[in-house]
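1. coords please:
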Amino acid sequence: MCKADGSYLKEITRLEKQDLLIIDDFGIQPLDAQSRTMLLEIIEDRHAKRSTIFTSQVPVNKWYEVIGEITIADAILDRIVHDAHRMDLKGESLRKKKAEQQEKTDKN
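-> Numbering: from 1, shown residues only. Next up is the predicted model:
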């Protein structure tokens, strides 16, 4: 939408200036060409300047498939994976636990 209304560069600049950018649920669906390019621009602008957090249920070794284009995937992953602090979380989904607790409460 930003490209259509002419505010794309302004939005990219705004994202670049944020101290922390959180990209939640990365990889839920494959990126199209436009999304790949936008992600590369954002990551390139922020690289070594600002913090970015990615959350994903997709293992990092599958991110090439999510991004799609191998050359762009290399550029993106080179900037985010090599200097990253990774945390792999294990255990049951907190949403699932909460839903089960709510269900028990509702029955009582």
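2. which residue ranges form the helices in this protein?
-> All helices of the chain, identified by DSSP state H, fall at 2-5, 8-17, 33-46, 63-67, 70-80, 94-107.
3. List the buried residues of stretch 48-59.
-> 52, 54 (16 or more other Cβ atoms under 10 Å). Bear in mind the C-beta positions are built from the backbone N, C-alpha and C, glycine included.
4. So what touches that stretch?
-> 16-28, 43, 46, 63, 66, 80, 83 (Cβ atoms under 8 Å, 6 or more residues apart in numbering).
5. returning to what we had before: can you lay out the helices of the chain as a markdown table showing mean pLDDT?
-> A markdown table is the format used below for these (pLDDT from 0 to 100):
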| stretch | mean pLDDT |
| --- | --- |
| helix 2-5 | 66 |
| helix 8-17 | 86 |
| helix 33-46 | 93 |
| helix 63-67 | 96 |
| helix 70-80 | 94 |
| helix 94-107 | 85 |
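6. now these in JSON lines, with mean neighbour count and distance to residue 53?
-> Listed next are these as JSON lines, based on neighbours: other Cβ atoms under 10 Å; distance: least, Cβ to Cβ, whole Å:
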{"stretch": "helix 2-5", "mean neighbour count": "10", "distance to residue 53": "22"}
{"stretch": "helix 8-17", "mean neighbour count": "13", "distance to residue 53": "13"}
{"stretch": "helix 33-46", "mean neighbour count": "16", "distance to residue 53": "11"}
{"stretch": "helix 63-67", "mean neighbour count": "17", "distance to residue 53": "15"}
{"stretch": "helix 70-80", "mean neighbour count": "15", "distance to residue 53": "10"}
{"stretch": "helix 94-107", "mean neighbour count": "9", "distance to residue 53": "17"}
